[in-house]
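Q: After the sequence you'll find the predicted model.
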Amino acid sequence: MSGLLNGTISGALFGIIVGVVSGITVLAFKHPKVYKKLYGVLLVILLGALAGGAISDLSNGAGYSRFIVTAVILYVSFLRAIPLLSGEDKPVKEEDDK
């Protein structure tokens with residue numbers, strides 16, 4: 001019984017993660033000015049997770065979580081460059097928000 005419950009929780013968690021990543025990706029593409037503001041918050045959260053994961057990995061002798069968080073940081077940074085790569089938008093400047 002616990003295996004079924006464990007699989008259900010894992011599946012639901014995976015679905016939530018995919019939904020959040022998809023939503024952030026759409027936000028970055030359709031609303032780059034808003035994403036620029038969100039990017040700073042995401043980066044602080046992810047760098048905190050990276051630091052926490054590094055401390056945890058050092059105490060446990062493993063290093064897997066650092067690779068996952070680093071990959072997420074790279075993806076979030078890539079999303080910031082989507083408008084430039086697609087040629088649909090100019091670089092986001094502070095004057096654009098006024």
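A: Thanks, I have the structure now. Residues are numbered from 1 along each chain as shown.

Q: Tell me how far the closest residue to Pro32 other than its chain neighbours lies from Phe29.
A: Excluding the flanking residues, the one nearest Pro32 by Cβ to Cβ, 6 or more residues apart in numbering is Pro83, at 4.5 Å. The C-beta positions use only the backbone N, C-alpha and C, and glycine is treated the same way. Plainly put, Pro83 is 7 Å away from Phe29 if you go by Cβ to Cβ, to the nearest Å.

Q: the more surrounded of those two?
A: Pro83 (21 against 15; other Cβ atoms under 10 Å).

Q: For the helix or strand harbouring the more buried one, buried residues please.
A: Taking DSSP states H and E as the definition, Pro83 sits inside helix 82-86. By 16 or more other Cβ atoms under 10 Å, the buried positions in helix 82-86 come out as 82-83.

Q: what packs against that helix?
A: helix 2-30 (3 or more Cβ pairs under 8 Å, 6 or more residues apart in numbering; DSSP states H and E).

Q: what comes up buried for the helix it packs on?
A: For helix 2-30, by 16+ other Cβ under 10 Å, it's 24-25, 28.

Q: per-residue confidence averaged over the following helix or strand past that helix?
A: Sequence-wise, the next helix or strand downstream of helix 2-30 (DSSP H and E) is helix 32-60. In this model, helix 32-60 has an average pLDDT of 82.

Q: and the angle for helix 32-60 with helix 2-30?
A: 140 degrees (axes from the mean of the first three to the mean of the last three Cα atoms, to 10 degrees).

Q: packing partners for helix 32-60?
A: Against helix 32-60 (3+ Cβ pairs under 8 Å, 6+ apart) you get helix 2-30, helix 64-80.

Q: how about the shortest one: buried residues?
A: Spelled out, it's helix 64-80. In helix 64-80, counting by 16+ other Cβ under 10 Å, buried: 65-66, 69, 72-73, 76, 79-80.

Q: Cool, thanks, talk later.
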